[in-house]
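> Let's see this in three dimensions:
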Amino acid sequence: MSSTYIETSGQVRVYDSAVQAHDALPLGTYRVRFAPKDGFSLVRTADLSVGAEKVYGQREAKVDKIFRAYARLERNLGVMLSGNKGQGKSMFLRMVAQRAIQQSLPVVLVTEDAEGIVDFLDTLDECLVIFDEFEKVFTSGRGRQDDPNRQNQFLTLFDGMSAVKRIYCLTVNDVQDVSHYIVNRPGRFHYHMRFDYPGPNEVRDYLTDQAPNARPAEIENAALFSRRVNLTYDHLRAIAFEMNHPDATFAEIVEDLNIKAIEPSTYRVEARYRDGSILADETVMNLHERSDVARSVELRSTKRTLFFSFAPRDVVFAADGTLIVPVEAIDACDEDDEMPDELPVSLTLTLVGQSSYAFER
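Okay, here's the model as predicted:
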């Protein structure tokens, strides 16, 4: 068997006859690998694809936008995808990678940090470079005091100062943990696409497709529920599985599924009085956590002060589609810890950006 000798930077390495030389990065998907002795290399891996799974939420239009913009630009295009887990960022990432391969653009996956990573990436040909969960792989220095800032090393790379243009696409779960020099910098990341919880229309479309045996009224109940409780696509898959039985009711499904809200949300609190005046403020709380602990709210104006506390139970989904947050009792007092001279006619809690929960005094 003959050998091939490759010389670079004064070093000669010996390879077997299977070695191939390319003038450009061959089309395909690669993962960046680092070894202390050998340095950086690209390892072929399977192409990312969506498969037969249907995509919801007009994602195709956004993929079109990315590649239209890239064709018009003469420099790098940065695309940031942010949002909580389960909102479809990974699916969208696969869509972008699949389109890149279709347009003869190699895909490079960056999944680990190592000294010199920026210099290595800057040697690559035109390609799509993907950083999944960027803030987890590359720390921002805002966490523990001994965490280094590993994100700012990419600033010059993302600026597009190199001779080769590329698409840099990264996903982020927590924008607060991303460098200020990356967020809100369209010169580095032209697009910041936010992935929110699916709304009622997406819930209807998903369940109509994935639970064909479900009754329309029950699908509508699920759509209503999504306006009160944030649902992920993981939740919807579980709901569709249970709902795909003609006798299933959403009230029974949601009672047993592991989709109880555990994260606090922001509510607008309004106390209305007989004279038409309103005390209002916003507060963060979790109404859905099963607990006997009271939630306390303070409202103030130049004329009135109201402190009140209440002990809600977990959200109840009635068979007729009504959503209720039962309240055991409301205790009100003024700033002197005494009963107010005048109590409000009603107290209303509205989930900010969503439909409201309300209860009458």
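> so how far does stretch 281-295 reach from one end to the other?
15 Å (C-alpha to C-alpha, to the nearest Å).
> That one - what's its average pLDDT?
The average pLDDT for stretch 281-295 rounds to 75.
> got it, and stretch 254-274?
Mean predicted lDDT for stretch 254-274 stands at 79.
> again with stretch 188-198
Here the average pLDDT along stretch 188-198 is 88.
> which SS class is A240?
Secondary structure for A240, judged by DSSP: H, G, I helix; E, B strand; the rest coil, is helix.
> Quick check: closest non-adjacent residue to it.
Q210 (3.9 Å; C-beta to C-beta, 6 or more residues apart in numbering). Just so you know, the C-beta spots here come from the backbone N, C-alpha and C atoms, and that holds for glycine as well.
> cool, and R13?
I6 (5.1 Å).
> which SS state does the one you found fall under?
Classified using three-state DSSP, I6 is strand.
> if I look at it, how far off is D119?
Counting by C-beta to C-beta, to the nearest Å, the gap between I6 and D119 amounts to 20 Å.
> just Y168 next, same as before
15 Å.
> and the residue most central in space within the chain, what does it touch?
Nearest residue to the geometric centre of the chain (C-alpha atoms, centre = their mean): G83, 1.8 Å. G83 is in contact with K89, N173, R194, F195, D196, counting by C-beta atoms under 8 Å, 6 or more residues apart in numbering.
> what about Y168 and D119, which has more around it?
Neighbours were tallied for Y168 and for D119 using other C-beta atoms under 10 Å; the higher tally belongs to Y168 (24 against 11).
> That one against F131, yeah?
Yes: counting by C-beta atoms under 8 Å, Y168 touches F131, with 7.4 Å between them.
> Nearest residue to A214 in space, please, no chain neighbours.
M243 (4.3 Å).
> which stretches of the stretch 101-250 of the chain form strands?
Assigned by DSSP state E, counting those that start in this stretch, the stretch 101-250 of the chain shows strands spanning 107-110, 128-131, 167-172, 191-194.
> and of those, who's closest to E220?
strand 191-194 (26.8 Å; C-beta to C-beta).
> Run through the neighbouring helices and strands of the closest one.
On a contact count with 3 or more C-beta pairs under 8 Å, 6 or more residues apart in numbering; DSSP states H and E, strand 191-194 meets helix 59-72, strand 77-82.
> okay, the angle between the shortest one and helix 59-72?
Computed with axes from the mean of the first three to the mean of the last three C-alpha atoms, to 10 degrees, the direction of strand 77-82 lies at 150 degrees from that of helix 59-72.
> in its sheet, what does strand 77-82 sit against?
Using DSSP bridges, the strands paired with strand 77-82 are strand 167-172 (parallel), strand 191-194 (parallel).
> Any regions of the stretch 51-200 of the chain where pLDDT drops low?
With pLDDT under 70 as the threshold, the stretch 51-200 of the chain has low-confidence stretches at 52-53, 57, 143-146.
> the helices in it, which residues?
With DSSP state H, counting those that start in this stretch as the definition, the stretch 51-200 of the chain shows helices at residue ranges 59-72, 89-102, 117-121, 134-137, 155-159, 200-210.
> would you list those in a markdown table and tack on distance to E270?
Output for the helices of the stretch 51-200 of the chain, formatted as a markdown table (distance: least, C-beta to C-beta, whole Å):
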| stretch | distance to E270 |
| --- | --- |
| helix 59-72 | 37 |
| helix 89-102 | 35 |
| helix 117-121 | 52 |
| helix 134-137 | 37 |
| helix 155-159 | 44 |
| helix 200-210 | 24 |
